[in-house]
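Enquirer: give the three-dimensional model of this entry:
(one chain, ligands or ions: 1)
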Amino acid sequence: MAFDNGPYIWFDGKFVRWEDATIHVSAHVLHYGSSAFEGIRTYETINGPAIFRLEPHVKRLVNSCKLARMELPWSHEEISQAIQETVARNGQPACYIRPLVFRGSEVLGVDGRKCPTQLVIFTFKWGRYLGADAIEQGVDVCVSSWRRMAPDTAASLGKIGGQYVNSQFAKMEAVENGYSEAIVLDINGYVAEGSGENIFVVADRVIYTTPLAGSILSGITRDSVITIARELGYEVREMPISRDMLYIADEIFFTGTASEVSPIRSIDKIEIGAGSRGPITKAIQERFFGITSGKLPDKYGWLTPVKMREPASGD
Ligand code: PPE
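Expert: Got it, this is the predicted structure:
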């Protein structure tokens, strides 16, 4: 997939064209994965383009930098503004936004704190993360042979570049074996999350999800879905989930900015429930996509409207 990208990249405070946003091969981040990033969606609502849950994403980026001991030369407010300006300038009413903080070029060696901390923000169109039919038909996944990093091995609550080597191993193995995605267990054998998604399990009308201390990323879609599920009257329990709970669940779905709310129809070739999207998953999706399309009221203030900038001549 070549990028269907917005033409401009916010690069350390200035807009540069996509093709000019380059860094040096000696940059610390290339060698050691010293970066923190976000994934945020702009939705084309019936009231115009709007960024979904911008503030919690910026807050998580700031926290990821804190965990990685990366000093950010920009404030939360400046980053939030820069993201909105990038979306407005690029003019893509529905897009995926990727802010990336990284250690640039100065020295090598694992302690990269002498390197400059840089920030880029770019946008591109990203369709269905887990395939065209994922949202309605669901996906076939496996339990990975890889484990998530232990709580004292990495900082899973930070969206830190190097930690995605673990996700890459799990995802590549799953795809190589014919599955769309992997579910990764934690160091104790409990369910953590997908390679790039959080997981929810429905059994006897109760909804379970891994607690934040369970080696997961604190997903913003996860948080949104917990709110929606409780509003719909379901009990949501954040508690350790065992592998066998998965196989006999009534419904299971993934959540993530890229994957949105995606049902899982089989795990390790065992059908989940009826082997198709279940009614609770569907009800949560309807609420989620109702809000992100602007058809339902934005009662939680999750949407930040963006006024697209008129293209200047020569753009
Ligand atoms: N866990 C992991 C490991 C993860 O990467 C994501 C997001 C989530 C949970 C869900 O978090 P949230 O997006 O806040 O609901 N994964 C992002 C990156 C995917 C990629 O391939 O890159 C995303 O969904 O944007």
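
Enquirer: how about the residues of the chain that lie near the ligand?
Expert: Within reach of the ligand by C-beta under 6 Å from any ligand atom, the chain has these residues: 39, 167, 193, 196-198, 217, 219-222, 255-259. Backbone N, C-alpha and C define where each C-beta goes, glycine included.

Enquirer: rerun at 8 Å
Expert: By C-beta under 8 Å from any ligand atom, the residues of the chain that approach the ligand are 37-41, 57, 60, 96, 98, 129, 156, 159, 164, 167, 193-198, 216-224, 255-259.

Enquirer: pLDDT weak spots in the stretch 1-150 of the chain?
Expert: 1 (pLDDT under 70).

Enquirer: closest residue of it to the ligand?
Expert: With C-beta to the nearest ligand atom as the measure, G39 is the residue of the stretch 1-150 of the chain nearest to the ligand, at 2.4 Å.

Enquirer: just to check, that residue is in contact with T257?
Expert: Yes: contact criterion C-beta atoms under 8 Å: G39 and T257 qualify, at 4.5 Å.

Enquirer: give me the common contacts of those two.
Expert: Taking C-beta atoms under 8 Å, 6 or more residues apart in numbering as the contact rule, G39 and T257 both touch Y96.

Enquirer: which one of the two is surrounded by more residues?
Expert: Under the criterion of other C-beta atoms under 10 Å, the comparison of G39 against T257 puts T257 first, with 22 against 18.

Enquirer: can you give me the helices for the chain?
Expert: Secondary structure of the chain (DSSP state H): helices at 28-32, 54-67, 76-90, 134-137, 164-176, 220-231, 243-247, 279-292.

Enquirer: state the pLDDT value of the nearest residue to S156 once chain neighbours are set aside.
Expert: Setting aside the residues directly before and after it, S156 is nearest to S215 in space (C-beta to C-beta, 6 or more residues apart in numbering), at 4.8 Å. Among the per-residue scores, S215 shows a pLDDT of 98.
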